[in-house]
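Enquirer: model this:
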Amino acid sequence: MSLQEDLRNLTNDLHLRPYHPSKWLARGIVLLKLRFPELAVGDGYKACRLIEVSRMQHSKYTHYVKLEIAIDLCGRDTSACRLPTELLSSSRGQDQIRSSLCEVEEKAILLLAEALYFANCFWEGLEVIREKSERLLDCKELVRLRKFIRAAYNDEEKEHQVDDCIMEDIMPLEREEQRRDGEIHIRPYPWMTADLLSRAPSVMADIKGNLKAASKSRCTLKSSNIREGMPLLDSYEKKIDVFGIFATTDLARHRRVLVDRSCMCAVDNPTNCCSSCCEILPAEPIRAKCCKAAFCSKSCLNRAMTFYHAAICGKSFPKYENAFQTGAVSAGRAADNQLLLRVLACAVSFPDLHPLNTPIINRMTSLYERSAVRRFSLATDIVLPLEILEQLGIDIYANHDYDTWVLQTILTRIRNNIRVCFTPEKTHVAINPLFTFFNHSCQPNVTYERDGTNWSSTLRLKTKCDIKAEDELFLSYISKEDLKKPVAQRQELLRAWLGTNCQCTKCKREEQEELAEDPNYV
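Expert: All right, here's what the predicted structure looks like:
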């Protein structure tokens, strides 16, 4: 039987028995063999967590986990003819269940640490072993794995010491977060169907309508050839949908192109900020009828009610709202975590749709290129979204719409589409639904500015030069200072968004000029 068949069978088993830690463990092992370490981390974590909650007297999962183990024990011991409930009610049966859970736990910790190692999360791998292995010091495999991870971590520390001089402008807490994070390759998971990989025609129609209204018919959305010449993943090449924004009429220099209001945003310190656009609240804000939530305008209130407020109404999330003030995380991560809360709340607000097809999420696409990577950690990419989902009322074991691959796809889409703004006062992240459709050029013909001075995430875009009808409109994904750097340095910066070298006119021209000056070039 192939690993793919094993994966399908184990996933089917988890649909039937979602509270069985051994099932999560078995699937995690297969996922690691298939080279999906981030997904193996998710399954390993769930296996460990189910075992932990089985020891909690008041957990809602305790009975389910022990019952699953009891069913297996009864199945193995056919001579005893006992029922699982008899095992659960006897002291001997409870001892057998505890012993069986300890065996599974040892393997689950080993899987989790190994998966973190292959996700380059060396610091977290060592922490998992340190925290969870007090009872497992005699496990030879774990001792050997710890040596491998420790060696890799020490090598990485040497590299960080060299990088420290480059990262002098980064705050110590953010620098520490970067050291602890691993890195994974971004790929479309092979079982993703076409409707989950690309935007549906109905979504595109809505986007075109929004663009027409926001630009007063000055722009439209069409297929772009911006990625011609860029290497794509073979399995994804036919499914990729690359769009761009094009002028429908001649546009003069310094002409307003459109006004783009964010559909979701977050700041590191949300005190006195509108949760819909991040603007400072007025003296008399607009209040929701259902709770005390405050907004700067009726339009922001309506957007929140449409997308995410229903799922979080009446709930408290101090861990995310007060994270930066308590010093738990950096400013950037505090804003990112709050944004993730709102995105997941949006997904939960549309229970009849697959999360990847819900509003906001269905407008964003991931970056799937051969060299595309992103930062990854157990804490941020696995534990955090699962904690949020549980607070939003989702059963993270039984509801497979929020399986780890779905969450990782959502996180990749967010990170590929958010707009980030750092200042000494605040860190601000936002998803602007039209801004994400502008492609990059190192010689942009469009620029943007924030609306007003009170941290509103609304953008006003205008032309930098005369633009003819049918021309594509381009923004720069990097700063004005970075645009002045040599082509090789710009390419390095842009790989975070493009996954490969930029193919804009300016880059091609400068590359040709450098080749012409090279004495070895023929």
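
Enquirer: Okay, now the unreliable bits of the stretch 1-150 of the chain?
Expert: 1, 77-82, 133-137 (pLDDT under 70).

Enquirer: all helices for it, in order.
Expert: Along the stretch 1-150 of the chain, counting by DSSP state H, counting those that start in this stretch, helices occupy 3-16, 21-33, 37-54, 62-76, 84-89, 91-118, 122-132, 140-163.

Enquirer: Against I388, how distant is the most centrally placed residue in the chain?
Expert: Against the mean C-alpha coordinate of the chain, by C-alpha atoms, centre = their mean, the closest residue is L411 at 1.3 Å. Per C-beta to C-beta, to the nearest Å, L411 is found 12 Å from I388. Heads up, the C-betas are built off the backbone N, CA and C, glycines and all.

Enquirer: Now do the shared contacts for these two.
Expert: Taking C-beta atoms under 8 Å, 6 or more residues apart in numbering as the criterion, L411 and I388 both touch L340.

Enquirer: If you count neighbours, what's buried in stretch 98-111?
Expert: Neighbour-count burial for stretch 98-111 flags 100-101, 104-111 (criterion: 16 or more other C-beta atoms under 10 Å).

Enquirer: I should have written stretch 464-475 there, sorry.
Expert: Neighbour-count burial for stretch 464-475 flags 467, 472-475 (criterion: 16+ other C-beta under 10 Å).

Enquirer: Next, format the buried residues of stretch 98-111 as CSV and append distance to L126.
Expert: Listed next are the buried residues of stretch 98-111 as CSV, based on distance: C-beta to C-beta, whole Å:
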residue, distance to L126
S100, 28
L101, 24
V104, 22
E105, 18
E106, 17
K107, 19
A108, 17
I109, 12
L110, 14
L111, 16
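
Enquirer: Tell me the spacing between L101 and N432.
Expert: 48 Å.

Enquirer: no wait, G499
Expert: For G499, the distance to N432 - C-beta to C-beta - is 21 Å.

Enquirer: and if you look at A496?
Expert: Distance of A496 to N432, computed by C-beta to C-beta: 18 Å.

Enquirer: more neighbours, those two?
Expert: Shown here are A496 and N432; by other C-beta atoms under 10 Å, N432 has more neighbours (22 against 15).

Enquirer: Hmm, that one is touching R261, no?
Expert: Yes. With contact defined as C-beta atoms under 8 Å, N432 counts as touching R261 (7.5 Å).

Enquirer: if I look at those two, which residues touch both of them?
Expert: S457.

Enquirer: Tell me if I am right that L461 is in a strand.
Expert: Yes. The assignment for L461 by DSSP: H, G, I helix; E, B strand; the rest coil puts it in a strand.

Enquirer: Could you report the neighbour count for it?
Expert: By other C-beta under 10 Å, 23 other residues sit near L461.

Enquirer: and it, what is it in contact with?
Expert: 256-260, 435, 438, 446-448, 475.

Enquirer: Of the residues you listed, keep whichever come out buried.
Expert: Burial by neighbour count, judged by 16+ other C-beta under 10 Å, picks out 257-258, 260, 435, 438, 446, 448, 475 from those.

Enquirer: quick one: low-confidence parts of the stretch 151-300 of the chain?
Expert: For the stretch 151-300 of the chain, the stretches with pLDDT under 70 are 160-171, 227-241.

Enquirer: how close does E470 sit to I396?
Expert: Separation of E470 from I396 (C-beta to C-beta): 49 Å.

Enquirer: And for E492?
Expert: For E492, the distance to I396 equals 38 Å [C-beta to C-beta].

Enquirer: out of these two, which sits in the more crowded spot?
Expert: Per other C-beta under 10 Å, whichever of E492 and I396 has more neighbours is I396, with 20 against 11.

Enquirer: Could you pull up the residues touching that one?
Expert: Listed by C-beta under 8 Å, 6+ apart, the contact set of I396 reads 46, 386, 389-390, 402.

Enquirer: Could you measure from it over to L14?
Expert: Here the criterion is C-beta to C-beta. By it, I396 lies 12 Å from L14.

Enquirer: Kindly report the same for R144.
Expert: Distance of R144 to L14, computed by C-beta to C-beta: 29 Å.

Enquirer: Which one's more surrounded, the two?
Expert: Using other C-beta under 10 Å, the more surrounded residue of R144 and L14 is L14, with 21 against 10.

Enquirer: who touches the more buried one in this structure?
Expert: Applying C-beta under 8 Å, 6+ apart to L14 gives the contacts 20, 23-24, 27, 400.

Enquirer: Going by neighbour count, which of the residues you listed are buried?
Expert: Buried members of the contacts of L14, scored by 16+ other C-beta under 10 Å, are 20, 23-24, 27.

Enquirer: Dump those residues to CSV, plus distance to F148.
Expert: Formatted as CSV, the buried ones among the contacts of L14 follow (distance: C-beta to C-beta, whole Å):
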residue, distance to F148
H20, 29
K23, 27
W24, 24
R27, 23
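
Enquirer: which one among the residues you listed gets closest to N322?
Expert: Nearest to N322 among the buried ones among the contacts of L14 is W24, at 32.0 Å by C-beta to C-beta.

Enquirer: That closest one against R49, yeah?
Expert: No. Counting by C-beta under 8 Å, W24 does not reach R49; the two are 9.1 Å apart.
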